[in-house]
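**Q** My questions are about this predicted structure, shown below with the sequence.
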Amino acid sequence: MIKEKSSKNHQATEIIQLLIDGQENEALERFEKQGFRKEFIAFAMTRGISYEDARDLVQKFIIEKLCMKSNSIKNIEYARTWMYQVLRNMINDLGRVLIKNKEVPLDEGRDQSYEAASVEKNQTKSDCVQEQLRLFRDNEPRHAEVVEYILKGFNTEQIRLIIGRSYGATREFMSQCRKKFKPFLEVCLEIDE
């Protein structure tokens, strides 16, 4: 008999069901065995968090959210989407805390809303895109998140799972993100490579 490999969505649903049934040890064992910890650490790292911070955040997610709040899921079939939404919110909260605690130099009193960076003579197009993405992230963090996924080659289905929207809503949001990012890229068109 050949054992069929179940999908990540099905595995996540099984883990949540075990937690709801009070089988925490079995659920956490499956969480580890099926690679969810590594997957979530990698996801946190794509959001700009160091490996150590991502590891700590995922551990906090497991203890405070997965084990304690999994019974609050309204539709267990979307367990993996729920996991990603909760983890993404935790990452965003961590980002807000870091920004709040960040010291701002005295000369940074100027308004940085939608300023295109000047092009340096020796700057490559790739460097320019990254600089503009940083500025875009400062102005439009939710949209910049999706633009980063697009630039990293994530497909619509992967982005849909991460942001927790329907396929059609994800495609529409991706389109909006591209349109908002386009004016930031205009300065990069001047660079010859």
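**A** Good, I have the coordinates. Note that the structure is a prediction, hence the values are computed from the model and not measured. Residues are numbered from 1 along each chain as shown.

**Q** now the protein, which segments are flagged as low pLDDT?
**A** 1-6, 97-123, 191-193 (pLDDT under 70).

**Q** Map the structural domains onto the sequence of it.
**A** Annotated domains of the chain cover 8-101, 125-190 [automatic domain parsing].

**Q** any chance of the ones you listed in CSV, plus mean neighbour count?
**A** All C-beta spots, glycine's among them, are computed from the backbone N, C-alpha and C. As requested, these are exported to CSV (neighbours: other Cβ atoms under 10 Å):
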stretch, mean neighbour count
domain 8-101, 16
domain 125-190, 16
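
**Q** mind listing what the closest residue to S166 other than its chain neighbours touches?
**A** In space, and not counting its chain neighbours, S166 is closest to R160: 7.2 Å by Cβ to Cβ, 6 or more residues apart in numbering. Shown in contact with R160 (Cβ atoms under 8 Å, 6 or more residues apart in numbering): S166, Y167, T170.

**Q** D138 versus R160, what's the distance?
**A** With distances taken as Cβ to Cβ, to the nearest Å, R160 is found 26 Å from D138.

**Q** How about A12?
**A** In terms of Cβ to Cβ, A12 sits 33 Å off from D138.

**Q** For K33, give me its contacts.
**A** So K33 contacts nothing (Cβ under 8 Å, 6+ apart).

**Q** Centre of the chain to stretch 162-177, how far?
**A** 13 Å (Cα atoms, centre = their mean, to the nearest Å).

**Q** Then stretch 168-184?
**A** On Cα atoms, centre = their mean, the centre of stretch 168-184 falls 16 Å from that of its chain.
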